[in-house]
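Colleague: How does the following fold in three dimensions:
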Amino acid sequence: MYNILFSWIIVQTFVTSYGQTYGEMDTLLGHLFNASRYNTYLRPLRNQSQVMMVNFTQYISSIDFFDITSGELQITGFFEITWTDDFLTWSPSLYGGKEMLSLPTGTFWKPEFSLTNGPANDKSSIYNSGFYPTWVSYQGSVIMIPGGSYKTKCNVDPTFYPFDIHNCNFQFIVSNHDSAELMLISQTGDINSSNLTENGEWEIQNIDVKVVLLKEDNIKLSIPMLQASFSLKRRPIYEIVNVYAPILLMSFLNIVTCFVRPDSGERLTFAVTLYLSLVFATTAAIEKIPKNSLKMPIMSYEFLCNNCINTIGVTWSIFIVHLASKSKVQQRLPHFLVKMVMKKRRRKTYDSELQPDCKSEVKSESSDDDNFFDENKANPKQQKVAEYLSEDDITGLEIAEILDTIYFWFVSLFVVVVNSVFGYLVLRIEMQ
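Modeller: Reported below is the predicted structural model:
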């Protein structure tokens, strides 16, 4: 029983789908595209006062490239366009059970779609690739799937690079009919990205598709336009790791320049080498940053701040090395510098071998300098301590070390504030 049923299904399938002869197909094509009954310039409606309804769905397969400087975007994809043709109908029983027919190119009416916001040197028709396979059912339902690569212009906003988001859209108009004759319908309301090959740099977000009418009141013309808009969000990991992080690390490295002793002979070499490295890294990074003067990337200002800090660091190192070379400072020093130098000397006195057996006397001197140095009790070690704690022979190296400490905390605070502001702005845009 089951074998008989299975055989009957197989026979019916082949008879229905593949039972047509060459003559039957030739007769069917001759019947459908007879010049006396079919005109490719007219809408395939028996009642020409009706509005032709065309369903339009865009599919995106891949993002080929996106030039962030010019805003030019190229994608690869295809469209699914469907409508009903009143004249492409037949009875399958008369033609060997044929229910679907592949239509020859150029033999049938089709809506002419043009991309209006593509580059000036790019062809606008979506059929320019020459690939638009079309099928029709015996009931007159036509489905056409043109495909290829398409370009458009995007609204570039590099303000928050590398966390930038850019708005793009494709605008398609029907160039051979107005809204009184043809109307577009987007059944899904978005771009189908189910076949999208993920791009390593860009992510598609906020897809929206809508149909609008372009009106010209002077001639009472209204043209249907389908506008597919979406956002391109950069995947920032590559830029953070390879562009931003090295410059940030060198900026922090610039801070520790003050820990290189001015009298070591390596201070200026280290500072200048670091300066040149940062300039080279910044120059390489600028090549990746979008070139836009209307909306400058915040990172450009951060790079400017880092370069200013680095320049100040080299200048500061030159000043410190020059100051450290002086054996004795002749100029009158601010009181807070003198106080910091003396405090540092006292600390060194306690920890050194200068007077290991009289730390208690030195400690007493720090609280009462007048009573500590009693001429009757003085000894050579005490005299040496007294000379060391005198304010009359402060050296340039001591002043340089104190100034380096102040410079370290000031610049550290500045670098932390600049990068914190940048991080806050980035976090704010990510949360929107």
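Colleague: Tell me where the protein has helices.
Modeller: For the chain, the helices defined by DSSP state H cover 2-18, 22-32, 237-239, 245-255, 267-286, 298-324, 335-351, 359-367, 369-372, 380-388, 396-431.
Colleague: what's the least confident stretch among those?
Modeller: Of all these, the minimum mean pLDDT falls on helix 2-18 (a mean of 40).
Colleague: Can you spell out the domain ranges of this structure, please?
Modeller: Following automatic domain parsing, one gets these domains for the chain: 17-235, 238-431.
Colleague: Distance from the longest one to the middle of the chain?
Modeller: Computed by CA atoms, centre = their mean, to the nearest Å, the separation of domain 17-235 from the middle of its chain amounts to 29 Å.
Colleague: Dump the domains of the chain into CSV; add mean neighbour count as well.
Modeller: Just so you know, the C-beta spots here come from the backbone N, C-alpha and C atoms, and that holds for glycine as well. Formatted as CSV, the domains of the chain follow (neighbours: other CB atoms under 10 Å):
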stretch, mean neighbour count
domain 17-235, 16
domain 238-431, 15
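Colleague: For stretch 317-326, what is the distance to the chain centroid?
Modeller: Distance, stretch centre to chain centre, for stretch 317-326: 45 Å (CA atoms, centre = their mean).
Colleague: ignore the last one, stretch 251-269
Modeller: Stretch 251-269 sits 36 Å away from the centroid of its parent chain (CA atoms, centre = their mean).
Colleague: which ones are touching Val321?
Modeller: Counting by CB atoms under 8 Å, 6 or more residues apart in numbering, Val321 touches Pro262, Arg267, Leu268, Ala400.
Colleague: can we see that at 6 Å?
Modeller: Pro262, Arg267, Leu268 (CB atoms under 6 Å, 6 or more residues apart in numbering).
Colleague: Skipping its backbone neighbours, what lies nearest the first one in space?
Modeller: Which is Pro262. Here the nearest residue to Pro262 in space, its sequence neighbours aside, is Ala324; by CB to CB, 6 or more residues apart in numbering that works out to 3.5 Å.
Colleague: So that neighbour is in contact with Glu401, correct?
Modeller: No - Ala324 lies out of contact with Glu401 (CB atoms under 6 Å); the separation is 8.2 Å.
Colleague: Just want the most central residue of this protein.
Modeller: Arg234 (2.9 Å; CA atoms, centre = their mean).
Colleague: which residues sit in contact with Pro158?
Modeller: Pro158 touches Asp164, Pro290, Asn292, Pro297, counting by CB under 6 Å, 6+ apart.
Colleague: and if you look at Leu196?
Modeller: Taking CB under 6 Å, 6+ apart as the criterion, Leu196 is in contact with Ile60.
Colleague: on that earlier part again, which two of the contacts of Pro158 have the greatest separation?
Modeller: The span of the contacts of Pro158, defined through CB to CB, is set by Asp164 and Asn292 at 10.2 Å.
Colleague: what about the residue nearest to Pro262, distance to Gln74?
Modeller: Distance, Ala324 to Gln74, by CB to CB, to the nearest Å: 60 Å.
Colleague: same deal with Tyr127?
Modeller: Distance of Tyr127 to Gln74, given as CB to CB: 17 Å.
Colleague: I'd say the residue nearest to the centre of the chain and His166 touch.
Modeller: No - counting by CB under 6 Å, Arg234 does not reach His166; the two are 8.3 Å apart.
Colleague: Name the nearest residue to Phe66, ignoring sequence neighbours.
Modeller: Nearest non-adjacent residue to Phe66, counting by CB to CB, 6+ apart: Leu73, 4.9 Å away.
Colleague: Would you mind measuring from Val417 to Val411?
Modeller: Val417 is 11 Å from Val411, by CB to CB.
Colleague: do Tyr238 as well
Modeller: Distance from Tyr238 to Val411, by CB to CB: 29 Å.
Colleague: And for Lys295?
Modeller: For Lys295, the distance to Val411 equals 30 Å [CB to CB].
Colleague: Quick check: phi and psi on the residue lying closest to Pro146 once chain neighbours are set aside?
Modeller: Once flanking residues are discounted, Pro146 sits nearest to Tyr132: 3.5 Å by CB to CB, 6+ apart. The phi and psi torsions at Tyr132 (degrees, to the nearest 10) take the values phi -150, psi 70.
Colleague: same question, Gly118
Modeller: For Gly118, the backbone dihedrals (degrees, to the nearest 10) come out as phi -80, psi 170.
Colleague: quick one: it and Lys151 touch, right?
Modeller: Yes - if you go by CB under 6 Å, Gly118 and Lys151 touch, sitting 4.9 Å apart.
Colleague: pLDDT score for the residue nearest to Pro146?
Modeller: pLDDT, Tyr132: 84.
Colleague: Also the one 3 residues further on?
Modeller: You'll see Trp135 listed with a pLDDT of 92.
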